[in-house]
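Engineer: the sequence and its predicted three-dimensional model are supplied below.
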Amino acid sequence: LEIYNEVLYDLLDPSGKSGTSKTSKDSKIEVKEHPVLGVYVQGLQEIAADSGARIQELMDQGNDMRAVAATNMNATSSRSHS
C-alpha cells in the first residue's frame, strides 16, 4: 500500500503504474470500515508467500512500484508513504 498525493495505490497490482506517473484514476482501492471487523482496504492484493524467496520477490516488486524521485540530498527520495 502506498499513499501518494493523497491517493492509495496497491504496490503489488501488476496492472498498476509505477513511479510518479500515477494519477487518482489509477487507484482501484479504498479504505473502508466494517462495523465488526474494523478498518480494511478494499481491493488491496492479498498474496500468500510460501518461501523466503517469494517474500523477497514481492518486496522487490512493491519497491519497484513506489513513487521516488531525486532531491538535492537524496538520489532516491520517497515521494510517498508506503
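Structural biologist: Cool, the structure landed.
Engineer: could you pull out the helices for this protein?
Structural biologist: Remark: helices assigned in the chain by DSSP state H are 52-65.
Engineer: residue contacts, the residue nearest to residue 34 when sequence neighbours are not counted?
Structural biologist: Nearest non-adjacent residue to residue 34, counting by Cβ to Cβ, 6 or more residues apart in numbering: residue 40, 6.3 Å away. Bear in mind the C-beta positions are built from the backbone N, C-alpha and C, glycine included. Contact analysis of residue 40 by Cβ atoms under 8 Å, 6 or more residues apart in numbering lists 31, 32, 33, 34.
Engineer: for the protein, what helix or strand is lowest in average pLDDT?
Structural biologist: One helix or strand of the chain scores below all others by mean pLDDT, DSSP states H and E: strand 77-78, with a mean of 58.
Engineer: what about this protein, any weak spots by pLDDT?
Structural biologist: Within the chain, the stretches with pLDDT under 70 are 17-24, 68-82.
Engineer: where along it do the strands fall?
Structural biologist: Ranges of strands in the chain, per DSSP state E, are 2-4, 7-9, 30-34, 38-42, 68-69, 77-78.
Engineer: can you mark which positions in the second one are buried?
Structural biologist: I take that to be strand 7-9. Buried residues in strand 7-9, counted by 16 or more other Cβ atoms under 10 Å: 8, 9.
Engineer: give me the neighbour count for residue 67.
Structural biologist: Here the number of neighbours of residue 67 (other Cβ atoms under 10 Å) works out to 21.
Engineer: now residue 37
Structural biologist: 8.
Engineer: how about residue 38?
Structural biologist: With other Cβ under 10 Å as criterion, residue 38 counts 8.
Engineer: what's opposite it in the beta bridge?
Structural biologist: Bridge pairing for residue 38 (DSSP bridges) gives the partners residue 34.
Engineer: residue 30 versus that one, what's the distance?
Structural biologist: Using Cβ to Cβ, to the nearest Å, we find residue 38 at a distance of 15 Å from residue 30.
Engineer: next, the contact list for the closest residue to residue 28 other than its chain neighbours, please.
Structural biologist: Of all residues not flanking residue 28 in the chain, residue 43 sits nearest, at 5.1 Å (Cβ to Cβ, 6+ apart). Applying Cβ under 8 Å, 6+ apart to residue 43 gives the contacts 10, 28, 29, 30.
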